[in-house]
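Chemist: After the sequence you'll find the predicted model.
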Number of protein chains: 2
Amino acid sequence: MSLLVSSQSMFFAGPLPLSSGATISDYSLAYETYGTLDAHRSNAVLVCHALNASHHVAGVYADQEKSEGWWDNMIGPGKPVDTDRFFVIGINNLGSCFGSTGPMHANPATGRIYGADFPVVTVEDWVRAQAALLDALGIETLAAVMGGSLGGMQALSWTLQYPQRVRHAVVIASAPSLTAQNIAFNEVARRAIVTDPDFNGGNFYEHGVIPKRGLRIARMIGHITYQSDDLMNEKFGRALRNAVEGDVAGTDFLYSTQEVEFQIESYLRYNGDKFSEYFDANTYLLITRALDYFDPARAHGGDLRAALAPATARFLIVSFSTDWRFAPARSREIVKALLDNRRHVSYAEIDAPHGHDAFLLDDPRYMSLVRSYFERIAKEGATR
Amino acid sequence: MSLLVSSQSMFFAGPLPLSSGATISDYSLAYETYGTLDAHRSNAVLVCHALNASHHVAGVYADQEKSEGWWDNMIGPGKPVDTDRFFVIGINNLGSCFGSTGPMHANPATGRIYGADFPVVTVEDWVRAQAALLDALGIETLAAVMGGSLGGMQALSWTLQYPQRVRHAVVIASAPSLTAQNIAFNEVARRAIVTDPDFNGGNFYEHGVIPKRGLRIARMIGHITYQSDDLMNEKFGRALRNAVEGDVAGTDFLYSTQEVEFQIESYLRYNGDKFSEYFDANTYLLITRALDYFDPARAHGGDLRAALAPATARFLIVSFSTDWRFAPARSREIVKALLDNRRHVSYAEIDAPHGHDAFLLDDPRYMSLVRSYFERIAKEGATR
């Protein structure tokens, strides 16, 4: 049985200053909580989301089938992050399309839909907004902040912006910044969206259209980079769309450039179509840009050690061997910079075949590692 | 001084039967030759081209600046493939947009531009057409057939379709088939082109437009996969568009999702734009499909050893350590299958940082390896 949960929202009347120098005059944040905040307010765990996710981290919505949260395998009663012990908070980030203020909402200054005018937000901005929500919830200190991929960047940023408010940071399948190749993939996806005639300069809402062509391409590119080459070969290989299992040669080729010939094509098209039905194009631009901009070492002339010096949290860093989007070497950069600062770091490089997607999946070593780490955190809390 | 060369064309009046069961009723092949065919007609070397290339392999065109052939560093007088010794032939493949019969030509059966109706062609079809041109040139046996990437697939296919006509095959940065990930990248590029409204179902010529948006995306994806992550980091890293050398932090961010922020973005956009000016969209679909379909093991239940049994040529196989598009492991599959057939194979895995693009570049070990191999071929010819 999954936890029954519901989405909440909090309105913030004051302006939020952004890294860019712009401000958001007022805004709402969608969030969910699971478990109970203890009397000392010391068992809160903040979970930060990545590109295609939301504050709906765990549990299901009443009367809604297949509504499991995106990390429901990790978080819940008796799960690695045990909501019988921890008070877990999921927050939807600003600029997202899943409930918090974003490009499809009205700009209070003009009364018009933000669209492409929604200000560029950074990981640092998100963390600042998350901190405002925690303030409102009366939570001063987090037992842990955790996230995978872009979520891991937010967890890392928490330890730099609010070191005194974070006891542990769990940074999974993440990186201290994007590589040129990472930025390149983001840029191709953005160009596909922006050059889709239905994008209309970002004001497609007014035109009653959606730049689905661009969103499909963006999602297809994403899917390729989330998986390992090995896993794709195992799942799809060169099987034809109508292949019978065990029949290597399969049926004949269609000899077509536009019809689906291989299963991998059908998989990509299906996922591209699905994504284009629900994801906002402006949000896609904003979130990939937040990824591009994240680079705490930049203000320190590229010196990650200096950048991470303010962090006082204890860290669990996890990477996956076949993740070529955020390769283990990138996690090791974080580990090294923390060790150079004499910080407490546990690091695990998990030999999993699933590529970047592994952080969302049920690898038993990964799950039991996170479970052990959170059991340790729970014990610390008990002895306070 | 580069060789002065000129493009030639040969018309074939007979129909060419294709792998798909269709035929091309008549066709022209554009080609170039360099050097002199010897009296025994035994010094011919056929060079097969990859996706974005043509029969213009070496030399320059008179009165045309920057017109060096795409492998001019490899082929020419005194170069690794020495045109003072060898008679080198470059052929433009059917379906291409650089001179041979392709989608922008009229279908003699209907009098209308082929467009998307140009029949799907395979590596095997190309090799059959190349053989017809060699017949017409009076060349029965090739001293060598060579190519990189998709060109290497053609070289390999030559040894299977016409084993008695090939003494040596030089297969560089190639693979015995595409992986699921390779097909996936091709499919995203094709979808970007096909879903561009200007594609008009492939008949964009009639509408006086070009699906440039799609071509740009296709080319950007291509560029990412041609280069290694390391090389991209070295060339571009996270440098901003206006970065001053040595200034890591650079100037301020623009905080824009659509403007160029990082140099890598400017590089990709520039190359996408350039490509969209000259490359035919239907050709892109055809050539990527030929890549997808190539899989000699398929007719043998996936057994590459059985598939390569007909090959009697001697092989030089070359791969590059950082090529993640056609990784060294794929070349080793070819090497193993040939060795299992007790064939003569030389194999070199070159530790080069340039990714897939390395096969076109001037790595000195690579160049001297090919030079040595062709000197050996030349000596064989001399002792006949």
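Modeler: Now that the structure is in, tell me what you want to look at. Residues are numbered from 1 along each chain as shown, chains lettered A, B, ... in the order given.
Chemist: What are the boundaries of the helices in chain A?
Modeler: For chain A, the helices defined by DSSP state H cover A:123-137, A:150-161, A:180-194, A:204-207, A:212-226, A:229-235, A:263-278, A:281-293, A:304-308, A:328-340, A:364-382.
Chemist: Centre of the chain to the shortest one, how far?
Modeler: Going by CA atoms, centre = their mean, to the nearest Å, the spacing between the C-alpha centre of helix A:204-207 and its chain's C-alpha centre is 27 Å.
Chemist: And the residue of the stretch 1-150 of chain A found nearest chain B, what's its pLDDT?
Modeler: Relative to chain B, the nearest point of the stretch 1-150 of chain A is residue A:20 (3.6 Å; CB to the nearest CB). To be clear about C-beta, it is placed using only N, CA and C from the backbone, and glycine gets the same treatment. We have a pLDDT of 96 for residue A:20.
Chemist: List the residues that contact it.
Modeler: A:119-120, A:122, B:253, B:255 (CB atoms under 8 Å, 6 or more residues apart in numbering or on different chains).
Chemist: Quick one: the helices of chain A as a markdown table, columns for mean neighbour count and distance to residue A:241 too.
Modeler: Output for the helices of chain A, formatted as a markdown table (neighbours: other CB atoms under 10 Å in any protein chain shown; distance: least, CB to CB, whole Å):
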| stretch | mean neighbour count | distance to residue A:241 |
| --- | --- | --- |
| helix A:123-137 | 20 | 40 |
| helix A:150-161 | 27 | 33 |
| helix A:180-194 | 25 | 24 |
| helix A:204-207 | 16 | 32 |
| helix A:212-226 | 25 | 16 |
| helix A:229-235 | 16 | 14 |
| helix A:263-278 | 18 | 5 |
| helix A:281-293 | 25 | 28 |
| helix A:304-308 | 20 | 46 |
| helix A:328-340 | 19 | 35 |
| helix A:364-382 | 15 | 33 |
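Chemist: before we move on, the earlier item: could you identify the least confident member of the contacts of residue A:20?
Modeler: residue B:253 (92).
Chemist: That one contacts residue B:240, doesn't it?
Modeler: Yes: using CB atoms under 8 Å, residue B:253 is in contact with residue B:240, at 7.4 Å.
Chemist: how much space between residue A:370 and residue A:175?
Modeler: 19 Å (CB to CB, to the nearest Å).
Chemist: Quick check: phi and psi on the spatially closest residue to residue A:255 that is not a sequence neighbour?
Modeler: Spatial nearest neighbour of residue A:255, chain neighbours left out: residue B:20 (3.6 Å); criterion: CB to CB, 6 or more residues apart in numbering or on different chains. When read as degrees, to the nearest 10, the backbone of residue B:20 gives phi -70, psi -10.
Chemist: what about residue B:20, distance to residue B:286?
Modeler: In terms of CB to CB, residue B:20 sits 12 Å off from residue B:286.
Chemist: same question, residue A:290
Modeler: The value you get for residue A:290 to residue B:286, if CB to CB is used, is 39 Å.
Chemist: what's the answer for residue A:120, then?
Modeler: 40 Å.
Chemist: Tally up the residues packed near residue A:112, please.
Modeler: When neighbours are defined as other CB atoms under 10 Å in any protein chain shown, residue A:112 has 12 of them.
Chemist: My read is that it contacts residue A:104, right?
Modeler: No: under the criterion of CB under 8 Å, residue A:112 makes no contact with residue A:104, lying 11.5 Å away.
Chemist: check contacts around the nearest residue to residue A:175 once chain neighbours are set aside.
Modeler: Of all residues not flanking residue A:175 in the chain, residue A:330 sits nearest, at 3.7 Å (CB to CB, 6+ apart). Counting by CB under 8 Å, 6+ apart, residue A:330 touches A:174-176, A:179, A:319.
Chemist: Show the pLDDT at residue A:82.
Modeler: Looking at residue A:82, the pLDDT reads 98.
Chemist: what residue ranges in the stretch 201-350 of chain A score low on pLDDT?
Modeler: A:243-251 (pLDDT under 70).
Chemist: what residue lies at the spatial centre of chain A?
Modeler: residue A:50 (0.9 Å; CA atoms, centre = their mean).
Chemist: State the phi and psi torsions of that one.
Modeler: Per degrees, to the nearest 10, the backbone of residue A:50 is at phi -100, psi -150.
Chemist: confidence score at it?
Modeler: 96.
Chemist: wait, what's in contact with it?
Modeler: Per CB under 8 Å, 6+ apart, neighbours of residue A:50: A:147-151.
Chemist: and which of those is nearest to residue A:87?
Modeler: Taking CB to CB as the measure, residue A:87 lies nearest residue A:147 of those, at 16.8 Å.
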